[in-house]
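> I'll drop the sequence and a predicted model, then ask my questions.
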Amino acid sequence: MTVKRSVWVMLIGCCYLLITGSGTMEGKTIITGYFEGTEPFWEMEIKDNYVVLHCINDIVKDTLLLSRKQAHTETYAFQGNEIHGIVRHSDNGGCTLDITEEGSPTHEIYFAYRNVTYMGCGRLSLRNR
């Protein structure tokens with residue numbers, strides 16, 4: 001096998017591992033939840049890592065890829081084609097941002113969409129596949 005071909009095979013393999021998460025996690029983390037925030041108002045529903053974001057006049061549908069959980073907290077980074085950010089369980093068990101009408105929020109979310117940063121609160125459930 002030539003050196004150029006070996007490099008291409010290695011790059012394709014690395015891209016596959018990054019996209020699928022193979023080799024980076026023992027099991028795939030699946031998230032489901034509902035978040036909302038203000039200024040401007042937005043809402044996000046996530047079901048099995050598939051997200052629907054209603055933001056101003058836009059509706060974004062995307063699939064989220066999650067990072068490995070932070071070592072000592074329930075904090076995850078995520079990315080999709082149009083949005084990326086972090087979601088974390090608040091230390092006090094609620095949402096310190098207090099910018100939601102969601103009753104008893106469990107998590108805070110910070111994300112970027114169209115080069116604007118949004119934050120909000122909501123409820124999240126996690127499971128491993």
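That came through fine.
> helices of this structure, start to end?
For the chain, helices defined by DSSP state H occupy the ranges 3-20.
> where do the strands of it begin and end?
Counting by DSSP state E, the chain has strands at residues 29-37, 42-47, 50-55, 58-63, 65-66, 75-79, 83-89, 107-113, 116-128.
> ok, the residue nearest to the spatial centre of the chain - contacts?
The chain has F78 as the residue nearest its centroid, 3.1 Å off, counting by Cα atoms, centre = their mean. The contact partners of F78, by Cβ atoms under 8 Å, 6 or more residues apart in numbering, come to I31, L64, L65, L66, S67, H84, G85, I86, V87, F111. Heads up, the C-betas are built off the backbone N, CA and C, glycines and all.
> surely E45 meets Y34?
Yes - applying Cβ atoms under 8 Å as the test, E45 and Y34 come out as touching, 5.3 Å apart.
> list the buried residues in stretch 70-77.
Buried positions in stretch 70-77, judged by neighbour count with 16 or more other Cβ atoms under 10 Å: Y76.
> avg pLDDT for that stretch?
Regarding stretch 70-77, the rounded mean pLDDT is 80.
> just give me how far it sits from the chain centre.
Put simply, stretch 70-77 sits 12 Å off its chain's centre (Cα atoms, centre = their mean, to the nearest Å).
> got the end-to-end distance for that stretch?
9 Å (Cα to Cα, to the nearest Å).
> do the same with stretch 40-50
Distance between the two ends of stretch 40-50: 22 Å, counting by Cα to Cα.
> pull the residues that contact it.
30-37, 51-56, 61-66, 109, 111, 118, 120, 122, 124.
> can you give me the offset of stretch 120-129 from its chain's centre?
10 Å.
> same thing with stretch 74-94?
Stretch 74-94 sits 6 Å away from the centroid of its parent chain (Cα atoms, centre = their mean).
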